[in-house]
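[1] let's see this in three dimensions:
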Amino acid sequence: MIGYITIGARDSEASGKFYDAVFAAIGGERKFADGGWIGYGPKESDQQPVFICPPFDGKAAHHGNGMMIGFKAGSNQAVDAAHLAALANGGSDEGAPGYRPPGKEGWYGAYMRDPTGNKICVYHATS
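    Numbers count the residues shown, from 1 in each chain. From the prediction side, this is the model:
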């Protein structure tokens with residue numbers, strides 16, 4: 001079970017803009033920002049399970065090959081909105097919204113990279 005996730009950022013402001021938009025599309029919000037750290041959680045909760053921050057060791061943040069974090073959305077429309085928000089806020093496309101595998105309804109997702117290059121998925125399980 002996951003307690004929290006930290007996502008390394010080269011530029012917390014740029015990454016914050018990206019995650020503000022993506023999480024707003026799926027029911028999340030920024031809970032705090034302090035000293036390069038930004039915390040996010042569900043709108044209806046005090047939880048902060050996702051943190052964006054520079055690496056503790058002081059070295060440059062970089063994405064991990066093969067590492068991806070999936071964020072659950074409440075609908076296919078929320079997945080579409082998150083993908084659009086990501087691309088409009090410094091993200092890049094890694095896979096347009098759609099059913100996976102194609103043609104099979106049941107799992108709908110979109111893939112994108114944040115300004116640091118971290119890969120995320122926003123998905124909705126329809127079955």
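
[2] what about the strands in this structure?
    Assigned by DSSP state E, the chain shows strands spanning 5-8, 28-34, 37-42, 50-53, 68-72, 92-99, 107-113, 119-125.

[3] for those, which one sits closest to residue 83?
    In this view, these are compared for proximity to residue 83 by C-beta to C-beta, and strand 107-113 is the closest at 3.9 Å. Heads up, the C-betas are built off the backbone N, CA and C, glycines and all.

[4] flag every buried residue along the closest one.
    Buried positions in strand 107-113, judged by neighbour count with 16 or more other C-beta atoms under 10 Å: 108-113.

[5] for it, name the packing helices and strands.
    Using 3 or more C-beta pairs under 8 Å, 6 or more residues apart in numbering; DSSP states H and E as the contact test, the elements touching strand 107-113 are helix 76-88, strand 92-99, strand 119-125.

[6] relative orientation of that strand and strand 92-99 in degrees?
    Between the axes of strand 107-113 and strand 92-99, defined by axes from the mean of the first three to the mean of the last three C-alpha atoms, to 10 degrees, the angle is 180 degrees.

[7] export strand 107-113 as CSV, just CAs?
    Extracted as CSV, the C-alpha positions of strand 107-113 are listed here (Å, rounded to 0.1, in the frame of the first residue of the first chain):
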residue,chain,number,x,y,z
TRP,A,107,-9.5,0.6,-19.1
TYR,A,108,-9.1,4.1,-20.4
GLY,A,109,-5.9,6.0,-20.0
ALA,A,110,-3.5,8.7,-21.2
TYR,A,111,0.2,9.0,-20.8
MET,A,112,2.3,12.1,-20.4
ARG,A,113,5.6,13.4,-19.2
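
[8] nearest to residue 41 among the buried residues of strand 107-113?
    Ranked by distance to residue 41 (C-beta to C-beta), the buried residues of strand 107-113 are led by residue 112 at 20.2 Å.

[9] distance-wise, check that closest one relative to residue 23.
    Residue 112 is 13 Å from residue 23, where distance means C-beta to C-beta, to the nearest Å.

[10] residue furthest from the geometric center of this structure?
    residue 103 (25.0 Å; C-alpha atoms, centre = their mean).
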